[in-house]
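# Coordinates only, no sequence provided:
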């Protein structure tokens, strides 16, 4: 439902916003002083800020840095990840790490998820991963890699038509609020070195093309990466997934145009929701 400009996307955006709004309200009720909502799905423009508690800051679109994609985390101290995926190569719901073009991502012999990459990218700024929600496979993986994080698994295969969305949305928000009591957990600093095997879904020709583009080692459909720092690995994975050398050179302009596309898309979502009477003009 959450694919860009599809007929189902407006409703997906609306319901994603209700999820986030419930979590934000619960966090404020639990004593959070300030909240930044980072819209980080696909275009970076999916959340409807007008439906979120006005005390929260809704940050949309992608930034070059200092944290890739996210930008400046400002004075944030905790990280809560909502609606996340299991890692590429697992049997989770729509499992992928960064892009479905990667069929499997192993780092030091184990699958690596987006939750690990995002948490590690924010660790230098002192952010502690507090909460994670996703399918049961995604939650199991995160608990193995980031011990102590609060998880709220949603098994979509077992959701029945009579299941009340408001009930599980309330449970999601309550569990997220409980994570604020975790005072002992620390930022996620996995130790290197990191040896990654990136298996491309489209096979050896795609892998060879990417290897030539970025001067990487390749074996059949697998790219082989080696880094001492996980953020160096994260940056190279993003190059493989999203960039070319030319696009990297014009990245500020490219991000501006990409964010403009997302903003226009969300305007379309609003119009569709108004027609469907989800929103008032």
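Good, I have the coordinates. If you're wondering where the values come from, they're calculated on a predicted model, not measured in any experiment. Numbering: from 1, shown residues only.
# Excluding residues flanking it in the chain, which one is nearest residue 15?
Ranked by CB to CB, 6 or more residues apart in numbering and with sequence neighbours excluded, the top spatial neighbour of residue 15 is residue 165, at 7.4 Å. Backbone N, C-alpha and C define where each C-beta goes, glycine included.
# Look up how far residue 81 lies from that neighbour.
Here residue 165 is placed at a distance of 20 Å from residue 81 (CB to CB, to the nearest Å).
# more crowded one of the two?
residue 81 (24 against 11; other CB atoms under 10 Å).
# Distance from the chain centre to the host helix or strand of the more buried one, please.
Following DSSP states H and E, one finds residue 81 within strand 78-84. Centre-to-centre, strand 78-84 and its host chain are 8 Å apart (CA atoms, centre = their mean, to the nearest Å).
# and if you look at stretch 101-108?
Centroid separation between stretch 101-108 and its chain, computed with CA atoms, centre = their mean, is 16 Å.
# All the strands of the chain, residue numbers only.
Secondary structure of the chain (DSSP state E): strands at 36-38, 57-59, 78-84, 102-107, 110-111, 128-134, 150-153, 194-200, 217-219, 222-227.
# the inter-axis angle of the fourth one versus strand 222-227?
What that stands for is strand 102-107. Between strand 102-107 and strand 222-227, the angle comes out at 30 degrees (axes from the mean of the first three to the mean of the last three CA atoms, to 10 degrees).
# What strands flank strand 102-107, and is each parallel or antiparallel?
strand 110-111 (antiparallel), strand 194-200 (antiparallel) (DSSP bridges).
# Dump those strands into JSON lines; add mean pLDDT, mean neighbour count and distance to residue 144 as well.
JSON lines is the format used below for those (pLDDT from 0 to 100; neighbours: other CB atoms under 10 Å; distance: least, CB to CB, whole Å):
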{"stretch": "strand 110-111", "mean pLDDT": "98", "mean neighbour count": "16", "distance to residue 144": "9"}
{"stretch": "strand 194-200", "mean pLDDT": "98", "mean neighbour count": "20", "distance to residue 144": "17"}
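# For those strands, give me JSON lines that also has distance to residue 16.
Converted to JSON lines, those look like this (distance: least, CB to CB, whole Å):
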{"stretch": "strand 110-111", "distance to residue 16": "25"}
{"stretch": "strand 194-200", "distance to residue 16": "29"}
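# Low-confidence bits of the stretch 101-250 of the chain, can you list those?
Residue ranges of the stretch 101-250 of the chain with pLDDT under 70: 159-163.
# which stretches of it form helices?
Here the stretch 101-250 of the chain has its helices, by DSSP state H, counting those that start in this stretch, at 114-122, 136-145, 165-178, 204-214, 230-242, 245-249.
# Is it possible to get a markdown table of those helices that adds distance to residue 198?
Shown next, in a markdown table, are those (distance: least, CB to CB, whole Å):
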| stretch | distance to residue 198 |
| --- | --- |
| helix 114-122 | 13 |
| helix 136-145 | 18 |
| helix 165-178 | 32 |
| helix 204-214 | 8 |
| helix 230-242 | 7 |
| helix 245-249 | 18 |
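# right, and those helices - which one's nearest residue 71?
Proximity to residue 71, assessed across the helices of the stretch 101-250 of the chain by CB to CB, is greatest for helix 114-122 (11.1 Å).
# Run the chain-centre distance for that closest one.
Distance, centroid of helix 114-122 to centroid of chain: 9 Å (CA atoms, centre = their mean).
# now for that helix, which elements pack on it?
Contacts defined by 3 or more CB pairs under 8 Å, 6 or more residues apart in numbering; DSSP states H and E place helix 114-122 against strand 78-84, strand 128-134, helix 136-145, helix 230-242.
# Please measure how far the first residue of stretch 69-89 sits from its last one.
24 Å (CA to CA, to the nearest Å).
# Please apply the same query to stretch 138-152.
Length of stretch 138-152, first residue to last, CA to CA: 10 Å.
# who's in contact with the closest residue to residue 216 other than its chain neighbours?
Excluding the flanking residues, the one nearest residue 216 by CB to CB, 6+ apart is residue 223, at 5.2 Å. Contacts here follow CB atoms under 8 Å, 6 or more residues apart in numbering; on that basis residue 223 touches 196-200, 207, 210-211, 216-217, 240.
# Without its sequence neighbours, what residue ends up closest to residue 225?
Distances taken as CB to CB, 6+ apart put residue 196 closest to residue 225, at 4.1 Å, once the chain neighbours are dropped.
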